[in-house]
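J.: Coordinates for the following, if possible.
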Amino acid sequence: MQIALLRETDDRHVLAVRRADGTRERVALATRSFLLHDLVHLAVEAEAAIPDGFWGLLARGVTLTELSDRTGGTFLSAGLARAERIVGPTQSLWHGRLDETLYREQLPPELGPEFVDRVRARLRSLWGAWRATPFGGALLLRWPDLTDAQVLATPPPWTAAR
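T.: Coordinates of the predicted model:
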């Protein structure tokens, strides 16, 4: 799946995806509320190999609307529930609001001691790529392989609103 984060202003960005089957979705979001959370999901789900987290479900065809619906109080998959349990504390660690030792103690042991360093490095890379993205441009990523992030001066044509 291709992911494009289109940088409109400091306050707004667009998340656009194009799945392997060619289906597309896009949504305008408040950057302050969603961008870091979405980037942390990318880093955590990639490093923890969670195939049915937010990004994996989105790649499989679950819509953004379905993923954002919390009215039932349940998660759409065990992977999404697992990811959310890790993402929240990871954001707190990133912002310096959570002690790293306490964070490491809360992690599932199967993630291993290097997990925190890998997530932190991936998040630094993603955040740096976002900061390098010009207004009117896009950060282009592929899920699940996030190693080839590209900063584009203009968004790819498939991200245009229908």
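
J.: what helices or strands is the lowest-mean-pLDDT helix or strand in the chain leaning on?
T.: Lowest by mean pLDDT, DSSP states H and E among the helices and strands of the chain is helix 64-68, with a mean of 87. If contacts are counted by 3 or more CB pairs under 8 Å, 6 or more residues apart in numbering; DSSP states H and E, helix 64-68 sits against helix 54-60. The way it works is simple: take the backbone N, C-alpha and C, and place the C-beta from them, glycine included.

J.: List the residues that contact Arg118.
T.: Applying CB atoms under 8 Å, 6 or more residues apart in numbering, we find Arg118 in contact with Glu47.

J.: and the least confident helix or strand of the chain, how far from the chain's centre?
T.: From the chain centre to the centre of helix 64-68 is a distance of 14 Å (CA atoms, centre = their mean, to the nearest Å).

J.: Which secondary structure elements does the following helix or strand past it sit against?
T.: Counting by DSSP states H and E, the element after helix 64-68 in chain order, helix or strand, is helix 78-94. Here helix 78-94 touches helix 31-47, helix 54-60, helix 100-106, helix 115-132, going by 3+ CB pairs under 8 Å, 6+ apart.

J.: switch to 7 Å and redo it
T.: Counting contacts by 3 or more CB pairs under 7 Å, 6 or more residues apart in numbering; DSSP states H and E, helix 78-94 packs against helix 31-47, helix 54-60, helix 100-106.

J.: For Arg122, which of those is the nearest?
T.: Set against Arg122 and scored by CB to CB, those come closest in helix 31-47, at 4.2 Å.

J.: tell me the pLDDT at the residue lying farthest from the centre of the chain?
T.: Most distant residue from the mean C-alpha position of the chain: Thr101, 24.2 Å away (CA atoms, centre = their mean). At Thr101, the pLDDT value in this model is 91.

J.: before we move on, what about Arg162?
T.: Confidence score, pLDDT, at Arg162: 69.

J.: do the same with Thr63
T.: 92.

J.: Correct me if wrong: it contacts Glu25.
T.: Yes: using CB atoms under 7 Å, Thr63 is in contact with Glu25, at 6.4 Å.
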